[in-house]
Every structure is written in C-alpha cells, then in structure tokens.
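Chemist: Have a look; sequence and predicted model below, questions after that.
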Amino acid sequence: MNKIESADKGWWAHLKKFIKTNTSLAVIIAAALLLELTTGILYYSAQNTIQQNVERIIQREMNALNLCIRNKLAKVEVTLDNMSWVVSRDLEKADWMHEITEMLVKDNSVIKASGIAFVPNYYPEKGRWFEPITVRRPDGSTENMQVGSDDHDYTKSEFYTVPMATDSCIWSEPYMDIDGSKAEVTTYSVPVHDDNGRIVAVVIADISLDWLEDIMNEDKVYKSTQRFLTTDSYNLLGGEDTPMFRKAVEILRTDGDKEGYFTAKDKHGDKKHVFYAPIGGKTDWVLINILDDNDVFGKLRRIRFFLLLPVMIGLFFIGFIVWRSSRNLERLREVNAEKERISGELRVASQIQQSMLPKEEVIGEWLDVRGSLVPAREVGGDLYDYFIRDEKLFFCIGDVSGKGAPSAMLMAVTHGLFRSASAHDSNPASIMEAINEVSCQSNESNMFVTMFVGVLDLATGRLRYCDAGHDAPFLIVNSQLSILGCTPHLPIGVFGDTKYTVQEISIQPGTIIFLYTDGLTEAKNAEHKQFGLERIQAVLNTCADNDSKEILEKVTRSVDDFVKHAEQSDDLTMMAIRYTPKQFHNTPT
Amino acid sequence: MNTKFEEIDGKYVVTLEGEMDTAAATEAEEVLKPIFNSNGKDVIIDCTGLEYIASSGLRILLSILKGAKASGSKVVMRGVNDDIKNVFKLTGFISIFEFE
C-alpha cells in the first residue's frame, strides 16, 4: 500500500515538475485534452441519439415488411385451409380433385402450383400413388398432371411427412421445384381428414419466392441495408446470399434468440449492424436486416473530421502564441537579469563616484565650505572639489555635457586632472590649460566639460579664478546678491590650444560664494518649466546669515518644492563657500 | 524637438526646432551623425525655431564644427535668438562659430 502511495506521489511530482519547466507545452496539452474531451462527449451523445433513431427506423421498416409478407402468406394459408375442407367434403370424387387444384391456381396469382397428395392406395383404382396437381405455365395457362409414381414417391417429401406426423400445417424449407413450377419455391401443406378424423391426404400449394425479392428491396431508409428472409433453420428464402449473411447466421445459430440486435465485422473489417425478428404467423421464418455502419454514422464521422480541422488549426495557433509569449518571457527574464547586473555595477560605480567628492566640509574660523551632488541617474557627469593647500582654498565645479556612464567616466578623468594640476600650480588659468590639454588629446566623442576653477587666498581674501564656459557663481556680499563677472572661455575638451585667462577680485569678509551647474537652473517641473535664475536668486536673497549647510538645504528644498514628482532630468550640483577670515574676527573694521 | 537636415545647393542645411535638452540631443545626434563628416560641404545651422540648448546640444554642434573644419569647410549659424546667443557667449562657443 505504502509503495503504491509513494509511486503515486512520484508520478505527481514528475507531473508538477513537467508543468513548471514546460508551462507552454503543458498549456497546449491541457487545451488539446479539453478540446478532445468536449468533441468526444459531443460525438458520444450524437452517436447514442443516432443509434436510438436507427433502431426505431429499422424496427418500423421491419414491422412493415413483416406485415406485408404475413398478409401474402395469410392469403395462401386461408385459401388452402378452405381447400382442405373442400377436399374432405368431396373425398369420394377422385376425378374431382383436379377441378379443385385448377380452380385454386387460377384464382390465386401467388400460387404457382397446387396439389393433393393422398396416402398410398387411398383410391385403389388410381394405383398406389395418387397426387393430382395443377401447375401454372410461364404463359399463364394451367396444366393438370398426376405426378405420383414409383419414381416420385411423395410420401418421403417433407411437405407430406410433417403434416402427416404432426397433424399440422407447415411451410416447408425452400427448394427447387424441378417437377412443377421449375423455380425456387416453398410449399404450404395442410392435412385433410376424412369423416372419421383420419388424415387421408395433404393439400399443398407452392409459392414461388420471386415476389419476396421485390419486397426485399422496397422502401429502404438506408441504401446499404441488406434484407434476408430465412426459414427457421436459416435457409435463405429471400435476399442475396453473401459472406456477411453467412457470418450473421453463424452468430444467430449460437444465439438461439429469434429477435434482437448485434454488431459484427465483415471480412474487410467493416462494422455491420444486424437486426432480426420472426415473421410469425404459421411460419418460423426470420427477417434479418444488415446495416452498414458507415451508412449510419458516416455523416457524423465526416462532421467530426471537419470539426477536428478547425480545432487543430486553433490548437496550432494557441501553441504558437503560447510559444511566442513564453519565448518573450524568457527574453524579458534575460534582459531583466542583464539590467539587474548593470544596475548593480552602476551602484558600485556610483559609490566610487561619491567617494571621489570631498567627504568633509572644511569648517573653521576661516571657512565654511560644503557641496552637494544629486545625479539624475546612478552615476552623473557633474563634479565639484575643494581642498586647502598653502593657506589657499582650491575649488572647482564642473559639468560634463550629457549624463550617465559616459559623462561619469569623463568626470572622473577631469577630477583626477584637476587634482594633479592643482597640486603644484596656484594659477587657475594654467590649471585649466593643463586639464584642457590632456582632455583634448583623446576626445573623439567631442564631449566637453564646462568648469569653474577658483583659488582663494584665505589670508588675504584674494580670489583668482578662471571660467571655462560654466555658469558664473553668485556672490552674497553684505546681503547683496550679485553675479561674479566672468570672461567666457571655451569649455575643457573643445580645442587643445585654447588660451585661458585668469581673473581676480578681492573678497570681502563675510562673503558667500554659491556655485552651481545647469542642473539647478534647468530643473524642470511636470509642466516642463525650468527652475531658472530668478528662483535661485530669490532663495539666495534669504541666505545672507546662513552657513553653507543651511544654504544648500534651502536651495534643495526650494528645487524639490518646484519640481515635485517630475523626473529629475539632469545632475543637480551646488557648492557654497562662506569666507570669514581670521583678521575679521580679530580686527573688526 | 524637431531635427532635420537637407542638401541645398551643395550645402547642408540643418534645421533645429524646439527645446534641445539632454534627451532630445541624443535623438538629434542620431539624425545628424551623417554630417559629422561634411565631406567639404559647408553647413548652415538654422536655429530660428530653437528655444533652448543644453550642453549636450552644444556637443553635437561642436562635432559638426570639428568635422567641417577637418575637411576645410565652414559652419554658419543662422537665426540664433538672444537667449541661445547668450549660452554661446557664456560657454565661449561664440568665438568658434560664425553667425549670420
């Protein structure tokens, strides 16, 4: 028991695994099974209905045929019963017998021949054998004969022996009548009694079976129907002898039942339906109908085939769609994995980039500096930097044209160049030239960097600066906002031989320098409006007494309020420097 | 933003319309790539309908300019409005481009 259960579970697990790994195939198979089940049920119920209809139709057909045959036979039976009475009444008139048989044949077209077979030596004057008969000739005339003789001992024939022995009327097995009507006939025999009740003769009538052949082919609902009329022992009375008939008879013999239905296959393997029923009356005859299965269910099969065709086409299309979508899914999964990998790498790149920026704000009595950089994507093309060397603050802000990974790489290079150039040079113009020269050496993509480099002498307040195409910084002096006057130069990376000139001003104590990239002025809200210079000025006008941290926070909040949920389109970078020299504290003016 | 170029009388005429921000510049670059090498033909850049240009846009103009200079032809800017001209001034680009 346990073994069976575990085997079941194994099978179930296999199925589940198959569905998981071949979802599309499983869907198609399930759809196919469902469709097959539906058509199967439809086919089965239609077949049942047709089968019932066929049985009814054949039953009716056989009943009609039965009635038709019985009517004909009954006519013969009644006529002959009467004749038997006439014979027994006129037994003493031996020569009268031919009159009786002749009248019978003349009056009944069905009867081909009629006769009276007397027991041997009944009329001593007529000899041992006396059997007067009347036969209908092919031209319609009748002929009277006496056929009993030593050579034709009728007392051995079935039509005589059975009524004699059983004292009953019988229909004989069919036989070829070579003496009388010379055709396949069956004989109806009725015993004749004398006044003492002894059987003295048998009156007979031969019926040719020709008329049966016509009936056998009449009014067929199914064209392929083969009809057979047989005797009790299945000798053929009507219908054409075929192998299928013999096979059916074989089955009937073992069956023994006289009424029923079965199916059998013919020698070609084609299915046949066999219906059979007794004629009844005084006969033991059996009517057999054999139907071709194809004639009955052929149409249904054709319908099923034509139904199957669109179903197959539908299945094919379902399969195709499922296959395509599963392939697309697979591709999407791959793309997602690739995206995941790239974004993972970009996260690392972003960390590296953030780590390049100065980590700590320089805060002291002299100075208060702070920067912020919010990239539009994982990595950005903006940079800012500052450091103190020889009592001078070196600072820069830059913006690489474009955004994303390519500009981030150029940003990293530029940042490195700024650090190395400003390590030994204090002139912003020559620092700029050094960065530009190297940048131009291998710049096939024509990317460039707008940059502002400044060197603030912390002791004297002297600011020397150089602007390479960058937005000029703001100055807040004594609560007055102004823009630092800058001589425009070409950005870094445009032409290697660009000459940069240095500018110089003296910074008053308490001055705030605010630097930014165009990501700030061009920050867009959902209506595609830019943040713009005026809004920056409005915020900065409130910042005269704030330190660098507060200034950056104020501007950031203002931009956020403006942009709201719109997607950040460019890197957002700013830097604030608040210069408060020692002298100012020590020697107030 | 709309970007197109056509050849008229042996000159490339580039028409820029709308706002050339970073995203638009990427599309414009695809359109204009064929004339990054002008094959000695002069290039006229019609900015009459241009409302705004980001640094990415300037980079594309720079690429056209460098390609033209390398093959000995010139680049002329046409119909540049004051705002755009100001950008050219600030970035120093005004000194390397010719204006009509």
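Modeler: Ah, there it is.
Chemist: can you tell me which residues contact residue A:172?
Modeler: Counting by Cβ atoms under 8 Å, 6 or more residues apart in numbering or on different chains, residue A:172 makes contact with A:158-159, A:162, A:186-189. Yep, even glycine has a C-beta here, placed from its N, CA and C like the rest.
Chemist: Which single one of these is nearest to residue A:520?
Modeler: Of all the contacts of residue A:172, the one with the least separation from residue A:520 (Cβ to Cβ) is residue A:186, at 121.3 Å.
Chemist: Out of the contacts of residue A:172, which sit inside helices?
Modeler: Among the contacts of residue A:172, the members falling in helices (DSSP state H) are A:158-159, A:162.
Chemist: which among the residues you listed end up buried?
Modeler: Neighbour counting with 16 or more other Cβ atoms under 10 Å in any protein chain shown marks A:159, A:162 as buried within the ones in helices among the contacts of residue A:172.
Chemist: Reformat the ones in helices among the contacts of residue A:172 as CSV; add pLDDT and distance to chain B.
Modeler: As requested, those are exported to CSV (pLDDT from 0 to 100; distance: Cβ to the nearest Cβ, whole Å):
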residue, pLDDT, distance to chain B
A:158, 83, 110
A:159, 86, 112
A:162, 88, 112
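Chemist: So which of the ones in helices among the contacts of residue A:172 is the closest to residue A:274?
Modeler: The shortest separation between residue A:274 and any of the ones in helices among the contacts of residue A:172 is 28.4 Å, and it belongs to residue A:158 (by Cβ to Cβ).
Chemist: If we ignore the residues flanking it in sequence, what's nearest that closest one?
Modeler: With Cβ to Cβ, 6 or more residues apart in numbering or on different chains as the criterion, residue A:158 has its nearest non-adjacent residue at 5.2 Å, and that residue is residue A:172.
Chemist: The residue in chain B positioned nearest to chain A and residue B:36, how far apart?
Modeler: When scored by Cβ to the nearest Cβ, chain B has residue B:91 as its residue closest to chain A, at 3.5 Å. Here residue B:91 is placed at a distance of 20 Å from residue B:36 (Cβ to Cβ, to the nearest Å).
Chemist: which one of these two has more residues nearby?
Modeler: Set side by side, residue B:91 and residue B:36 show unequal neighbour counts under other Cβ atoms under 10 Å in any protein chain shown, the larger going to residue B:91 at 27 against 16.
Chemist: following the longest helix along chain A, which helix or strand shows up next?
Modeler: Using DSSP H, we find that the single longest helix of chain A is helix A:23-89. In the C-terminal direction, the helix or strand that comes right after helix A:23-89 (DSSP states H and E) is helix A:97-107.
Chemist: pull the CA atoms of that next one into PDB?
Modeler: Taking C-alpha atoms only, helix A:97-107 is exported to PDB below (Å, rounded to 0.1, in the frame of the first residue of the first chain):
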ATOM      1  CA  MET A  97     -59.600 -33.400 -57.300                       C
ATOM      2  CA  HIS A  98     -58.000 -31.800 -60.400                       C
ATOM      3  CA  GLU A  99     -61.000 -29.400 -60.600                       C
ATOM      4  CA  ILE A 100     -60.200 -28.200 -57.100                       C
ATOM      5  CA  THR A 101     -56.400 -27.700 -57.700                       C
ATOM      6  CA  GLU A 102     -57.000 -26.000 -61.100                       C
ATOM      7  CA  MET A 103     -59.500 -23.500 -59.500                       C
ATOM      8  CA  LEU A 104     -57.100 -22.700 -56.800                       C
ATOM      9  CA  VAL A 105     -54.200 -21.900 -59.100                       C
ATOM     10  CA  LYS A 106     -56.400 -19.900 -61.500                       C
ATOM     11  CA  ASP A 107     -57.800 -17.800 -58.700                       C
END
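Chemist: Please spell out which residues along it are buried.
Modeler: A:97-98, A:100-102, A:104-105.
Chemist: Measure how far stretch A:118-134 is from the centre of its chain, please.
Modeler: Remark: stretch A:118-134 is offset 88 Å from the chain centroid, using Cα atoms, centre = their mean, to the nearest Å.
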